[in-house]
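J.: Here's a sequence, model it:
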Amino acid sequence: MKNIFPLIISTLVIISCENSHKKNIKSNDPVIIGSVKMPGTDVLTPLLVGETNNQQTWMDYIKAHNERNLDKIAEINAKDWIGYTPDGYVVNGTKAQIEVLDNWFQSTDPKWEVKWMIANAAKNKDGVIEQWLTTGNDYTDIDENGNEIFEYNVHDVQFIDGKIKRVNVYKRAKERDLREFSY
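T.: Predicted coordinates:
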């Protein structure tokens, strides 16, 4: 009889933990992972978990870039594709992107390696949920003097119907010792 009371308490604790866990898993409420101020809005909007199936599309896109497969890149793009480079240039349309890439691929050997991805979504100014994938990628290349280039790239990628509509590229140079730092 002494052992029944602790057994009952243990059982109740296990059952309450189990039910709480199942409740969270079965919730149909969107999971809020942060906030974002979408273009054309004045307030922060909840940032939600996005469609993770876009990750495979991104992996295919990066593979096509690394293999210089311009046809595959064009196939993955949405019809109104646009790209924003880290140095402020805007590449408008797939045709312009393919021309830029073709010239770039002929003169250098850029490669990307995907390190992480976060699928996210938010309502735009019209109340429509936009699907995005924020990715961290290592970028390597060889400059005109034969020196290796290494950068960390973040690509913020908008998807529409499984196609890439917009790519925002941000970059950071490889870390160096602070003794070399100066403004």
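J.: Please identify which helix or strand holds V154.
T.: Element membership of V154, judged by DSSP states H and E, is strand 148-160.
J.: Give the buried residues for that strand.
T.: The neighbour-count check on strand 148-160 (16 or more other Cβ atoms under 10 Å) flags E151, N153, V154, H155, D156, V157, Q158, F159 as buried. In this view, the C-beta of every residue, glycine as well, is placed from N, C-alpha and C.
J.: Can you give me the pLDDT of the second one?
T.: Spelled out, that is N153. The per-residue pLDDT reported for N153 equals 98.
J.: Would you mind naming the residues that bridge with it?
T.: N137, K171 (DSSP bridges).
J.: Might you report the residue contacts of it?
T.: Contact partners of N153, counting by Cβ atoms under 8 Å, 6 or more residues apart in numbering, are P86, W112, G136, N137, D138, Y139, V169, Y170, K171.
J.: Distance of it relative to D141?
T.: Computed as Cβ to Cβ, to the nearest Å, the N153 to D141 distance reads 11 Å.
J.: repeat for I164
T.: To D141, I164 is 22 Å away according to Cβ to Cβ.
J.: More neighbours: which of the two?
T.: Using other Cβ atoms under 10 Å, the more surrounded residue of I164 and D141 is I164, with 23 against 15.
J.: and that one, which of the three is it?
T.: Here I164 is recorded as strand under DSSP: H, G, I helix; E, B strand; the rest coil.
J.: Kindly report the same for I118.
T.: I118 ends up strand, using three-state DSSP.
J.: still on that earlier bit, return the member of the buried residues of strand 148-160 nearest to N124.
T.: Taking Cβ to Cβ as the measure, N124 lies nearest Q158 of the buried residues of strand 148-160, at 10.0 Å.
J.: what's around I33, how many residues?
T.: Using other Cβ under 10 Å, I33 has 15 other residues around it.
J.: name the element the closest residue to it other than its chain neighbours belongs to?
T.: What sits nearest to I33 in space, not counting adjacent residues and going by Cβ to Cβ, 6 or more residues apart in numbering, is L47, at 5.5 Å. Assigned by DSSP H and E, L47 belongs to strand 45-49.
J.: can you pull the buried residues of that strand?
T.: For strand 45-49, using 16+ other Cβ under 10 Å, the buried residues are T45, L47, L48.
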